[in-house]
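A.B. asks: Quick one, structure for this:
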Amino acid sequence: MFKNIISVSVVIGLTLLYSCRTPKSIQSTKPEIVQVVSDEPYPKNIILMIGDGMGLTQISAGLYENGNHLSLEGFSIIGLHKSYSADSLITDSAAGATAFSIGLKTKNGFLGVDSSGNTHLTILEESILRHFSTGLITTTSIVHATPAAFVSHQPDREKYESIAKDMMDVDFNLIIGGGKKYFERRKTDSFNLINLLIAKGYMVKDYFEEDYATYKIPPINKFCFFTADGDPLPAMRGRDYLSKATKDGIRFLKNQGSKGFFLMVEGGQIDWGGHDNVSEYIVTTEVLDFDKAVNEALEFARRDKSTLVIVTGDHETGGYSILPGSEMGKLKTAFTTKKHTADLIPVFAIGPGAEQFAGIYENTEIYHKMRRLLFRNN
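C.D. replies: A predicted model of the protein is given here:
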């Protein structure tokens, strides 16, 4: 206890010293952290938000390009996870998301299966069995690696039509994302999975009928909105639905009247900007677009008091760096690769149980921590 008091005192002292030396022009506009106080130690709902390819530099650059502020600053608990996969120090999105979804390290390219190819129940699938409402929202195709890891079991992340078919066995409440063609105009078989979704009771809408930015979800139980035929546009080319979809999705799942909900939200194109080595693609559009969605979840958690929000990345992409000569709002950046790296990845948490996400741990622990909290009575 005495050592902890000394450590806290040193941190506070260094923080005060730094703030005194920091010019007012670049001091943080960070809001006061508002704790989510609940009478219960466990959450009723979990919102897992994944910035694909989002490491510490992507977050730092987003903050410095946004007036020295991100909604992420409002989180009370911060940790780090080890992102490596079962067969490589550098993970891909499939293995990274599978670690979150089933709690096991697996091979790169594998979805919802262990490194031997054995199927395991995902946290979303188990949530359904335990009568929670569930949803997936993404700025990529809904059959892309990260969302697919929660609803599919495949040894090949690129088998998009097989992933779409796997989704027909999962009784989720909500999906919002691209990839309509993998359900409707399939090359491997003649099935029209959209017709099957409708037969299963889903209301299915798409970008061709109406822009999601103006769409209002009616009071129904099952809803699917395809935001693109294939992959949605980058935010810098006009895509603008993630924050609204997050707000709508939270309200939609809460209104189902179930015992609680599990929602996964992905900012998927942060990764693509890293692969392209385009700083503007990463920061001034995708990170900031994702942060707006994070703010919707954060504001809901503050009001609701029974929701745990976790924000993390699956890996870092691009070996992204902020270089000497950078100024606030005017960064000089560079990349070391067009691929992923092995950096430790930040984890932000707020709400009941958030304190369990402090520290350094394996990426698989995110699953185990979520599962213990959400299904604490079993």
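
A.B. asks: The residue nearest the centre of the chain is in what secondary structure piece?
C.D. replies: What sits nearest the mean C-alpha location of the chain, by C-alpha atoms, centre = their mean, is Ile50, with 1.8 Å. According to DSSP states H and E, Ile50 maps onto strand 45-51.

A.B. asks: go on, Val143?
C.D. replies: Assessed by DSSP H and E, Val143 sits outside every helix and strand.

A.B. asks: hang on, isn't it packed against Gly179?
C.D. replies: Yes. If you go by C-beta atoms under 8 Å, Val143 and Gly179 touch, sitting 4.9 Å apart. Just so you know, the C-beta spots here come from the backbone N, C-alpha and C atoms, and that holds for glycine as well.

A.B. asks: Identify the contacts common to the two.
C.D. replies: The contact sets of Val143 and Gly179 overlap at 160, 164 (C-beta atoms under 8 Å, 6 or more residues apart in numbering).

A.B. asks: ok, Lys247 - how many residues close by?
C.D. replies: Using other C-beta atoms under 10 Å, Lys247 has 17 other residues around it.

A.B. asks: what residues are up against it?
C.D. replies: Residues near Lys247 by C-beta under 8 Å, 6+ apart: 296, 300.

A.B. asks: try 6 Å
C.D. replies: Lys247 is in contact with Glu296, counting by C-beta atoms under 6 Å, 6 or more residues apart in numbering.

A.B. asks: For the helix or strand where it lies, list every residue counted as buried.
C.D. replies: According to DSSP H and E, Lys247 maps onto helix 242-254. With burial defined by 16 or more other C-beta atoms under 10 Å, the residues of helix 242-254 counted as buried are 242-250, 252-254.

A.B. asks: just checking, Met236 touches Thr284?
C.D. replies: No. Counting by C-beta atoms under 6 Å, Met236 does not reach Thr284; the two are 7.3 Å apart.

A.B. asks: Of these two, which one has the most company?
C.D. replies: Remark: of Met236 and Thr284, Thr284 carries more neighbours, 18 against 15, as counted by other C-beta under 10 Å.

A.B. asks: pLDDT score assigned to the more buried one?
C.D. replies: In this model, Thr284 is scored at 85, pLDDT.

A.B. asks: To which secondary structure element type does it belong?
C.D. replies: Under DSSP: H, G, I helix; E, B strand; the rest coil, Thr284 falls in the helix class.

A.B. asks: from here on, count from 82
C.D. replies: In the new count, where the first residue is 82, that last one comes out as Thr365.

A.B. asks: For it, give me its contacts.
C.D. replies: Going by C-beta under 6 Å, 6+ apart, Thr365 touches Glu146.

A.B. asks: And for the one 5 residues further on?
C.D. replies: The neighbourhood of Asp370, defined by C-beta under 6 Å, 6+ apart, consists of 316, 323.

A.B. asks: can you check Asn444 too?
C.D. replies: Contacts of Asn444 by C-beta under 6 Å, 6+ apart are 162, 164, 180.

A.B. asks: Same question for Leu344.
C.D. replies: 128, 216, 330, 334.

A.B. asks: Among the contacts of Asn444, which are located in strands?
C.D. replies: His162 (DSSP state E).

A.B. asks: Now flag whichever of the contacts of Asn444 is closest to Val390.
C.D. replies: Nearest to Val390 among the contacts of Asn444 is His162, at 16.0 Å by C-beta to C-beta.

A.B. asks: Can you get me a residue count around that closest one?
C.D. replies: His162: 24 surrounding residues under other C-beta under 10 Å.
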